[in-house]
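A.B. asks: pasting the sequence and the predicted model now:
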Amino acid sequence: MQPEWTGRVSAQVWVFPVDPVAKPRMTRRDKWAKREVVVAYRAFCDALNAHAARLRFVPPLCGAHITFHIAMPESWSGKKRLRMDGTPHQQKPDKDNLEKAFWDALLPDDSKVWHTGEVKKVWASWGRIEVTVHAYEGTVEGAPEGRAAA
């Protein structure tokens, strides 16, 4: 007999109205030199932390689905903006550096994050970061002893 899960799944969505910024490669010199990319990254970290505190967001250590909404350039025509809204963003910054910046900004030790769900980046009319966290509540019938709770 196959184990059968019964219960419910709920999702909570958090929206951070902050333009996503990739984690830059930093050196010791960046502690005192004011490179533009590092200043922008630090401002991003401060803004993200302020919004997280306001929302009482606790970063999950597993299962977060993250969507980085990259703002479209103002120079694009209205027609192009409509066509591109929600489509994959396939240029720099890459999603790994965006994700690294997100976790580094929110957690002093991001090595504790052991699983991230889907991570993607898309074009949007305004920049933001959307985090979806799923919660599973229920039981598993017919599971081996010690594995009954899901």
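C.D. replies: Arrived safely. Numbers count the residues shown, from 1 in each chain.
A.B. asks: helix, strand or coil for residue 121?
C.D. replies: Look at residue 121: counting by DSSP: H, G, I helix; E, B strand; the rest coil, its state is strand.
A.B. asks: if I look at it, how far off is residue 90?
C.D. replies: Residue 121 sits 9 Å away from residue 90, going by C-beta to C-beta, to the nearest Å. Where C-beta positions appear, they are placed from N, C-alpha and C, glycine not excepted.
A.B. asks: find the centremost residue of this structure, please.
C.D. replies: Residue closest to the average C-alpha location in the chain (C-alpha atoms, centre = their mean): residue 66, at 3.5 Å.
A.B. asks: please name the nearest non-neighbouring residue to that residue.
C.D. replies: residue 119 (4.8 Å; C-beta to C-beta, 6 or more residues apart in numbering).
A.B. asks: residue 94 is in contact with that neighbour, correct?
C.D. replies: No. When contacts are counted by C-beta atoms under 8 Å, residue 119 is not listed as touching residue 94 (10.8 Å).
A.B. asks: show the pLDDT at residue 105.
C.D. replies: On pLDDT, residue 105 comes in at 93.
A.B. asks: so the closest residue to it other than its chain neighbours is in which element?
C.D. replies: Excluding the flanking residues, the one nearest residue 105 by C-beta to C-beta, 6+ apart is residue 45, at 4.0 Å. Assigned by DSSP states H and E, residue 45 belongs to helix 36-55.
A.B. asks: and for residue 73?
C.D. replies: Going by DSSP H and E, residue 73 is not part of any helix or strand.
A.B. asks: what count of nearby residues applies to it?
C.D. replies: 9 (other C-beta atoms under 10 Å).
A.B. asks: list the residues that contact residue 66.
C.D. replies: 99, 102, 116-120, 129-132 (C-beta atoms under 8 Å, 6 or more residues apart in numbering).
A.B. asks: could you pull out the helices in this protein for me?
C.D. replies: Secondary structure of the chain (DSSP state H): helices at 36-55, 78-84, 95-106.
A.B. asks: need the winner for burial among those helices.
C.D. replies: helix 95-106 (a mean of 19; mean count of other C-beta atoms under 10 Å).
A.B. asks: any idea of the angle that one forms with helix 36-55?
C.D. replies: Here helix 95-106 runs at an angle of 60 degrees relative to helix 36-55 (axes from the mean of the first three to the mean of the last three C-alpha atoms, to 10 degrees).
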